[in-house]
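1. kindly generate the corresponding structure for this input.
(3 chains)
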Amino acid sequence: MSRLKDLQKNLFGGTTSNARQFGMIFTLVAIVVLFQILTDGLTLRSDNLIALFQQNSYILILAIGMLMVIVAGHIDLSVGSIAAFTGIMVAKAMAEWNLPWPVGILFGLAIGALIGAWQGFWVAYIGVPAFIVTLAGMLLFRGGNQFIGNANTVPVPEGFRVIGSGFLPETGPDTGYNNLTLLLGLAAVIAIVWRELKGRRTRKEMNAEPIPMWISILRMVVMVGVIVFVTLRFASGRVGTSFPVSGIILAALVLAYSFYTRNTAGGRHIYAVGGNPRAAELSGVKLKRVNFYVMMNMSVLAALAGMIFVARSAASGPQDGNGWELDAIAAVFIGGAAVTGGIGTISGSIVGGLVMALLNNGLQLMGVGTDRVQIIKGLVLLLAVGLDVYNKRQGRFSIIGSITRSFHRDTPAVPTPSSGAEREPAKTTVAG
Amino acid sequence: MRKLLGKSMAVGAIALLALTACGSGRDGGSSGSDSGGSKGFAANSLIGVALPAKTSENWVLAGDLFTNGLKEAGFQPNVQYAGASTTVADQQAQITSMVTKGAKVIVIGATDAAQLSTQVAAAHQAGVKVIAYDRLILNTPDVDYYVAFDNFKVGQLQGQALLDGMKAKKPNGPYNIELFSGSPDDNNSKVFFDGAMSVLKPEIDKGNVVVASGQKDIKQTAIQGWKAEGAQARMDQLLTSTYGNKELDGVLSPNDTLARAILTSVKGAGKPIPVVSGQDSEVESVKSIVAGEQYMTINKDTRTLVKQTIDMVKALQAGNAPQVNDTTTYNNGAKVVDTFLLPPVAVTKANAAEAYANDPKLAPLTK
Amino acid sequence: MSDVPILLEMRSITKEFPGVKALSDVNLVVRAGEVHAIVGENGAGKSTLMKVLSGVYPYGSYDGDIVYRGEVSRFGDIRASERAGIVIIHQELALIPHMSITENIFLGNEPRKNGAIDWKAANRQALELMARVGLREDPDTLIKDIGVGKQQLVEIAKAFAKNVKLLILDEPTAALNEDDSQHLLDLLRGFRERGITSIIISHKLNEIEAIADRITIIRDGHTIETLDVKGDGVDEDRIVRGMVGRELHSRFPDHEPKIGEVFFEVRDWTVRHPISAERLVAKHSNFVVRRGEIVGFAGLMGAGRTELAMSVFGRSYGVYESGTIYKDGKEIVLKTVADAIANGLAYVSEDRKAIGLNLLDDIKTSTTAAKLSKITHHGVIDEVEEYQAAEAYRQSLRIKTPTVDEGVNKLSGGNQQKVVLAKWMFTDPDLLILDEPTRGIDVGAKYEIYGIIQRLADQGKGVIVISSELPELIGLCDRIYTVSEGTITGEVARQDADPENLMKLMTSTKKMQTR
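-> From the prediction side, this is the model:
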């Protein structure tokens, strides 16, 4: 039992909230295995994995920004519209002013920053709730998309499409794999080993209880194994394909933002503002500035997501961005963020997004229609968050515990007072 | 720090060795793009059909016909509809999944004809044949065939029926009419509209027919997403702004769903029912025609179109070139796509019984 | 007297929260038709006891028995106790501002006819109830449009609508002016004549003495005694002795102050209310703090002590009007909290849960939250330094927790307060402003916190302590300022301080003469 506890406590990630991450990753693995069986191995085939990342990178990019927005205690409903608006602006600019595509990307990011500054201004400095500001933005920029594009579909040049549908080039000796993907995988392996060793050293410096060596090794083996497997999958796709460019953009953003939210003062401030705004303010955090930048950052990422989608679709259309805000928000909440703000991680949101993406993909491969897919996704969202809320009320989270609890009805989790045995146990959990 | 990095590198190098040691195994890949079609493929292959959202009866019917028809022909059908709100992204994902599952032919009824080139290209590279169904996929050289009704002809029939209908009600003009067109992201919308205008324009120029609101440009008349509520809202506004004390004689509507929305609006405003065109022979509209409300619709028999498409798939399976009848008209921006066009039929109350005689669902309605 | 039937008996009630025993073996006997007062210091357990009685803490979450009207009662929630005729009126009124008096009186208890609310009957009954509590208003008036005193009466009328048998009033006069308080006390006397039993919790001992038949004193979660006002010849001093229960000096660690020069001075400090701009929350206040000195701010609730302190702390309350701050002889301008922190000020709030801590954080992130720059190098937070800093405070302040990775919401009040102190000690302040530093903390933890405050002063820091408990200020501070209506009305040295002269200055409205 203590080994099991050790494992659960230490296997995944840092020191806090790893039980949750364990649950999330467990769910993700279960879904992968389930669909791998149900689709006769199609799920983990290289072309499907590549497609999976290409199809979902833009939602996952949105989820990064949305996580920070939600942690800060806000919501952003306008991301889909902003993505669509940026998409049409960039497509038109490249078509009519002959902007070279790299300039087009910068142009799009600038539009995102501008829109973000506009929304951030209303949220942070005027004090209009983000729900309202972004609801307005949703209408505003959807209309803007149709006004600019006349509801037409505008194609984008070949070079631009790289960020959405591009691959790493084939270089170097013929190894039977895409060499650059192999190098990426190698870098990831080195990073993981380095992090593990550094983590051990840090704990030693803190004089904290060291993680058992066998867990460190097991953790490294598992993670390196996953990376090697995934790398081989991505590297062995059809010639000309590799780990997709949009996936690389996503990975870079995930690493950068994870680092930012965990290891810098700015990131801490977002959590502080969401957890208790007044306490944060009295600790010297500049509330308005944090809110402003969080909203602005979301719009910049929405602009990027919009451009990636346009690049993948080869054209900007009037339907772009429809419903994206809901996908991003769902990913964040499935990933364990709290509706009230202050809680959530980037990695959790990415896993949450992947759970949704895999469901989508797996069900499609099975030939389940979108109507039923939507029903299933709705239920999964409700179930994931409902389970979390339930577990919080029970005062602890433990997948293993929740499985075993149902087998040991006679030993309830909450100790009941000796007197008055006819009472219902459920009532003892009311907090003080 | 350096020591730490050194250790990491060592482990990384071992992993790399592991990577390359178990090497090879990359699928040959590039072969598919040119050679696939001429040789044909197995008779029980997977055939993908990607259709837009289930917003119109016709798509639902087409889906059922494809499922049954392909099954009868010995294929494995995989028919998918896009979701209601996230249409384009869904369809992109569905096409990609079909390629993954090893479909030999993918029939696509596009939601946004210009946003599928990446997926179509991927399909082509995997050796999959792509047939554009009803809507031509734009800006890509990777579409093999296009099968559709002659949509310019549809527009012409709609325009002509509108003129005939108005003349039957009121022998002499000038007639007040309003124009509606389909979703601007649907390539066919413009074709319908141009067809209709080729008939109506000369009459408008003569002053015999008047667009009373002055909204004659396709950008003004378009209804985003072919949505009924959009058409109804626009008609409401036209009635208030223009027809306070004028008679509305006719409305050019590109399809049945919009036609019924227009009629709802006119009835709601308490105005006499104008002559309204339509298209698609939807059940409710056929009832409406028989009842004398909607004036006409177009019978583009989905059965014939689906049957034609399945015939093309069969030809490809046998390794033959499918039959086409237009190799010059349909340029999608990247190439001229080989096309098979089917002729549409105009249906009014007068010829409804005859036109739907073979349709099990519609025939009883006309009796 | 003793043959009057007993309405309520609470027998050996024990209630524990994680880490704190709020009530231990408490007994309370209330006779039918009397006004029974419960007194005790802040945090003694009075409110907890009433929450047990009214079912807020349901049966099963405490030990002991409630015998009500001769039967053991097991209230699962407030509704159950209300059905039995026990109604509690809390200090914060449970009224809905944008509803009418009638709607509030019958909220959740609406008279119905054929399934729909019978407003005619409701208004008629409301008028009757309002007459019983002496409230003359149009029953359609919105709650927000009547004063606090009348709102209190609406609450009582609401209790009558529920057919109250035992009325519990928690600090009913705390927010009322003299006239409204008097009216309320008269009302309670009237109830007594009509045979309604009431329990009143109050800090205002003169009122208790005037109205109560019997008084139960609670201290540190224990029942100390029950006094019969007429029979025992009770006066205020007698009550206080029971409440405090021991000599004052034993509550504070021994301390020899080492007071240095004046280093912090506020002159002519004037601040407007954040919403109603015509109100001044601080009026031309002047005060100084010396190094190594513990300075007390005494004042009644609403006197403006917190407002004064927070406005000095980077203008975190109200709208700055005028005034200057000098530190070490130089004028400093503190426009934001960040400025204040950078200039060596720290403010430990009176409400640590609402505005002092982020309860989602763990101990180590809470500790460093106010000065992350201290452990940030090249933009990256050094987790090792953070851990070590938090660990050092855990040991020096004796924060009871297995590790500093624990969430602060798992700590008891006293340990949370220590974390807040650690958070501000981490900013290396020269001046700490501690607002009610021992509110809601049990006696043992209080003693430790006093010790920490004294150590901070001995390090040469200035400490301002704001407290509502005069004994605390007298026992802890080297010098006490009295605050009333936003003005400093007096300054008393430790050796001259006693509750009487402080209270006189606290109720004065005359500005202190500049020395």
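
2. please list the residues of the stretch 101-250 of chain A that sit near chain B.
-> Counting by C-beta under 8 Å from any C-beta of the partner chain, the stretch 101-250 of chain A comes close to chain B at A:146, A:150-155, A:161, A:164-165, A:175-177, A:182, A:185-187, A:189-191, A:193-194, A:197-198, A:201, A:220, A:224, A:227-228, A:231-232, A:235-241. Glycine gets a C-beta too; all of them are placed from N, C-alpha and C.

3. in PyMOL, select just the buried ones from those.
-> Here is the PyMOL selection string for the buried members of these, based on 16 or more other C-beta atoms under 10 Å in any protein chain shown:
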select buried, chain A and resi 146+151+152+153+154+155+161+164+165+177+182+185+186+189+190+193+194+197+220+224+227+228+231+232+235+236+237+238+239+241
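
4. quick check: mean pLDDT of stretch C:21-28?
-> Stretch C:21-28 carries an average pLDDT of 88.

5. list the buried ones in that stretch?
-> C:22-24, C:26, C:28.

6. could those residues go into TSV alongside distance to residue B:80 and secondary structure?
-> Output for the buried residues of stretch C:21-28, formatted as TSV (distance: C-beta to C-beta, whole Å; DSSP: H, G, I helix; E, B strand; the rest coil):
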residue	distance to residue B:80	secondary structure
C:22	62	strand
C:23	65	strand
C:24	68	strand
C:26	69	strand
C:28	71	strand
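
7. near chain B, list only the ones from those.
-> Among the buried residues of stretch C:21-28, chain B is touched by none when using C-beta under 8 Å from any C-beta.

8. ok, now which ones touch the closest residue in space to residue B:247 that isn't next to it in sequence?
-> What sits nearest to residue B:247 in space, not counting adjacent residues and going by C-beta to C-beta, 6 or more residues apart in numbering or on different chains, is residue B:176, at 6.0 Å. Residue B:176 makes contacts with B:210-212, B:243, B:246-250, as judged by C-beta atoms under 8 Å, 6 or more residues apart in numbering or on different chains.

9. backbone phi and psi for residue C:195, please?
-> phi 90, psi 10 (degrees, to the nearest 10).

10. tell me how many other residues crowd it.
-> 9 (other C-beta atoms under 10 Å in any protein chain shown).

11. tell me the contacts of the closest residue to it other than its chain neighbours?
-> Nearest residue to residue C:195, sequence neighbours excluded (C-beta to C-beta, 6+ apart): residue C:33, at 4.8 Å. The contact partners of residue C:33, by C-beta under 8 Å, 6+ apart, come to C:4, C:7, C:192, C:195-197.

12. how about the residues of the stretch 251-400 of chain A by chain C?
-> Residues of the stretch 251-400 of chain A lying near chain C by C-beta under 8 Å from any C-beta: A:263-265, A:268, A:271-272, A:275-276, A:278-286, A:338, A:342-343.

13. and residue B:210, that's in a strand?
-> Yes - with DSSP: H, G, I helix; E, B strand; the rest coil as the criterion, residue B:210 is part of a strand.

14. surely it touches residue B:177?
-> Yes - in this structure, residue B:210 is within contact of residue B:177 by C-beta atoms under 8 Å, at 7.1 Å.

15. which of these two has more residues huddled nearby?
-> Legend: neighbour count by other C-beta under 10 Å for residue B:210 and residue B:177, higher for residue B:177 (23 against 16).

16. look at that one and report its pLDDT.
-> 93.

17. which of the helices or strands spans it?
-> Under the criterion of DSSP states H and E, residue B:177 resides in strand B:175-179.

18. quick one: strands adjacent to that strand?
-> Neighbouring strands of strand B:175-179 in its sheet, by DSSP bridges, are strand B:209-211 (parallel), strand B:250-252 (parallel).

19. what is the neighbour count of the closest residue to residue A:303 other than its chain neighbours?
-> Of all residues not flanking residue A:303 in the chain, residue A:112 sits nearest, at 2.6 Å (C-beta to C-beta, 6+ apart). Using other C-beta under 10 Å, residue A:112 has 27 other residues around it.

20. show me the contacts for residue A:112.
-> Contacts of residue A:112 (C-beta under 8 Å, 6+ apart): A:82, A:86, A:299-304.

21. which of the helices or strands spans it?
-> Per DSSP H and E, residue A:112 falls inside helix A:101-120.

22. that helix - what's its average pLDDT?
-> Helix A:101-120 comes out at a mean pLDDT of 96.

23. show me what counts as buried in that helix.
-> For helix A:101-120, by 16+ other C-beta under 10 Å, it's A:101, A:104-105, A:107-109, A:111-113, A:115-116, A:118-120.

24. tell me what the following helix or strand past it is packed against?
-> Per DSSP H and E, the first helix or strand lying C-terminal to helix A:101-120 is helix A:130-149. With contacts taken as 3 or more C-beta pairs under 8 Å, 6 or more residues apart in numbering or on different chains; DSSP states H and E, helix A:130-149 sits against helix A:79-96, helix A:101-120.

25. would you reformat these as CSV and include distance to residue C:226?
-> As requested, the helices and strands packed on helix A:130-149 are exported to CSV (distance: least, C-beta to C-beta, whole Å):
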stretch, distance to residue C:226
helix A:79-96, 65
helix A:101-120, 61
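
26. do you know which of those lies nearest residue A:134?
-> In terms of C-beta to C-beta, the element of these nearest to residue A:134 is helix A:101-120, at 6.4 Å.

27. could I have that closest one exported to PDB, CA atoms only?
-> What follows is helix A:101-120, C-alpha atoms only, in PDB (Å, rounded to 0.1, in the frame of the first residue of the first chain):
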ATOM      1  CA  TRP A 101       3.600  35.500 -45.500                       C
ATOM      2  CA  PRO A 102       6.000  36.000 -42.500                       C
ATOM      3  CA  VAL A 103       4.800  39.700 -42.400                       C
ATOM      4  CA  GLY A 104       1.300  38.400 -42.600                       C
ATOM      5  CA  ILE A 105       1.800  36.300 -39.500                       C
ATOM      6  CA  LEU A 106       3.300  39.400 -37.600                       C
ATOM      7  CA  PHE A 107       0.300  41.400 -38.900                       C
ATOM      8  CA  GLY A 108      -2.100  38.800 -37.500                       C
ATOM      9  CA  LEU A 109      -0.400  38.800 -34.100                       C
ATOM     10  CA  ALA A 110      -0.500  42.500 -34.100                       C
ATOM     11  CA  ILE A 111      -4.200  42.400 -34.700                       C
ATOM     12  CA  GLY A 112      -4.600  39.900 -31.900                       C
ATOM     13  CA  ALA A 113      -2.600  42.200 -29.600                       C
ATOM     14  CA  LEU A 114      -4.800  45.200 -30.500                       C
ATOM     15  CA  ILE A 115      -8.000  43.400 -30.000                       C
ATOM     16  CA  GLY A 116      -6.700  42.000 -26.700                       C
ATOM     17  CA  ALA A 117      -5.700  45.500 -25.600                       C
ATOM     18  CA  TRP A 118      -9.200  46.600 -26.400                       C
ATOM     19  CA  GLN A 119     -10.900  43.800 -24.400                       C
ATOM     20  CA  GLY A 120      -8.300  44.000 -21.600                       C
END
